[in-house]
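Trainee: For reference, the sequence and a predicted model appear below.
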Amino acid sequence: MKKFLKIIIVLLIIAGACFGLYLYISGKVKKNMEDYNSAWSAFNKEYVAKTEKVVDYVKGSGEITSFNIKYLNDENYPIKDKYVKDGDTVTTKQKIMKIGGDYETKTLTSSINGIYFEIPGDMNRMTYTIYDTSDIGIEFSVDERDVVKLSIGQKAIVKIVVLNKEVEGTVNYISKLPQSGKYKVRVNIPFGEDIRFGFGSTVKITVEEKTVLTVPYSCIEFRDNKYYVLKKENKAAYDANEDYWNETRYFTEVQIGTINGNSVEIVSGLAEGEIIMGDE
């Protein structure tokens with residue numbers, strides 16, 4: 001009899017433990033469903049799909065440099081005399097320095113118009129250069145999605161940060177070969193007396209302006225590699241939904257294009273004037 005009671009008690013304990021585990025798991029599942037549901041936007045504000053002009057840019061940053069630098073070093077001969085000093089403006093065929101030994105000398109001249117610089121290097125060696133001022137600008141890198149939008153001759157806006165100044169530039173070089181997955185792009189700008197090599201700059205190239213159908217970014221939901229919007233007529237059904245695993249049935253799938261700030265281009269799935277829901 002006692003053995004039977006012990007078995008009954010053990011079974012009751014196991015049953016109680018199983019019931020407690022059931023309550024715990026069901027509570028966790030319910031919370032997870034609530035969390036999943038709350039992960040979707042609140043959709044408490046109405047917006048109208050409308051047409052507007054959007055602009056697509058390619059952007060980059062870098063330092064002002066010359067794309068044509070001439071080096072005057074001749075390691076075989078010492079410098080006998082110099083006719084210019086660091087930072088001087090020089091012209092084509094102007095004498096820069098005389099080099100040579102006791103029995104032979106040679107005069108080096110500039111092959112371009114530019115600025116002469118003496119750049120210290122390792123072991124107290126000096127590099128003598130001329131920076132071409134007719135071929136200056138900014139070099140930056142873009143990925144394959146942006147490089148296909150660019151072409152030689154496109155206009156660009158270069159902002160020289162420290163001067164808070166914008167100048168118009170022109171794309172003059174686009175690499176055919178990537179380096180670490182990026183393509184080099186060069187934009188030329190005109191030289192000015194207030195411009196110094198090494199100034200940090202940003203560049204913005206307008207690649208497309210178009211009038212398209214747009215909605216606010218807050219109206220877009222991304223699930224399973226697809227984009228959705230919630231139309232106003234489906235809002236009540238969405239709010240009353242208890243089928244947590246099939247919420248997309250209340251949404252309309254759309255194809256998106258350019259994202260321009262807080263606006264998203266809608267390529268298909270919506271018509272102008274339709275009312276959709278989004279966050280505040």
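Mentor: Right, received. Where do you want to start?
Trainee: Every contact and neighbour count from this point should use C-alpha atoms.
Mentor: Will do.
Trainee: after the worst-scoring helix or strand of the chain on mean pLDDT comes which helix or strand?
Mentor: Using mean pLDDT, DSSP states H and E, the weakest-scoring helix or strand in the chain turns out to be helix 2-39, at a mean of 51. Next in sequence after helix 2-39, counting helices and strands by DSSP states H and E, comes strand 45-48.
Trainee: for that following strand, which positions count as buried?
Mentor: Within strand 45-48, the residues scored as buried using 16 or more other CA atoms under 10 Å are Y47, V48.
Trainee: Also stretch 159-178?
Mentor: Neighbour-count burial for stretch 159-178 [16+ other CA under 10 Å]: K159, I160, G169, T170, V171, N172, Y173, I174.
Trainee: Backbone dihedrals for K232, please?
Mentor: phi -60, psi -40 (degrees, to the nearest 10).
Trainee: Just confirm it contacts M277, I think it does.
Mentor: Yes - between K232 and M277 there is a contact at 6.0 Å, judged by CA atoms under 8 Å.
Trainee: Tell me which of these two has more neighbours.
Mentor: Ranked by neighbour count (other CA atoms under 10 Å), K232 and M277 place M277 first, with 25 against 19.
Trainee: so who does that one touch?
Mentor: For M277, the contact set (CA atoms under 8 Å, 6 or more residues apart in numbering) comprises F43, N44, K45, E46, Y47, C219, V229, L230, K231, K232, K235.
Trainee: so which strand or helix has it?
Mentor: Element membership of M277, judged by DSSP H and E, is strand 275-278.
Trainee: ok, back up a step: give me the common contacts of K232 and M277.
Mentor: E46.
Trainee: if you skip the residues just before and after it, what's nearest to T202?
Mentor: S61 (4.2 Å; CA to CA, 6 or more residues apart in numbering).
Trainee: ok, now Y71?
Mentor: T129 (4.6 Å).
Trainee: Around that neighbour, how many other residues sit close by?
Mentor: 19.
Trainee: Pull up the distance across stretch 273-280, start to finish.
Mentor: Distance between the boundary residues of stretch 273-280 (CA to CA, to the nearest Å) amounts to 19 Å.
Trainee: just checking, N262 touches T214?
Mentor: No - the criterion here is CA under 8 Å, and N262 misses it with T214 at 9.7 Å.
Trainee: more neighbours, those two?
Mentor: Neighbours per residue (other CA under 10 Å) separate N262 from T214, with T214 holding more: 27 against 10.
Trainee: Excluding sequence neighbours, find me the nearest residue to the more buried one.
Mentor: E265 (4.5 Å).
Trainee: Settle this for me: the one you found is touching I256, isn't it.
Mentor: Yes - shown here, E265 and I256 form a contact pair, counting by CA under 8 Å, at 5.5 Å.
Trainee: Identify all contacting residues around the helix or strand containing S141.
Mentor: Using DSSP H and E, S141 maps to strand 136-142. Here strand 136-142 makes contact (CA under 8 Å, 6+ apart) with 60-68, 169, 182-191, 201, 203.
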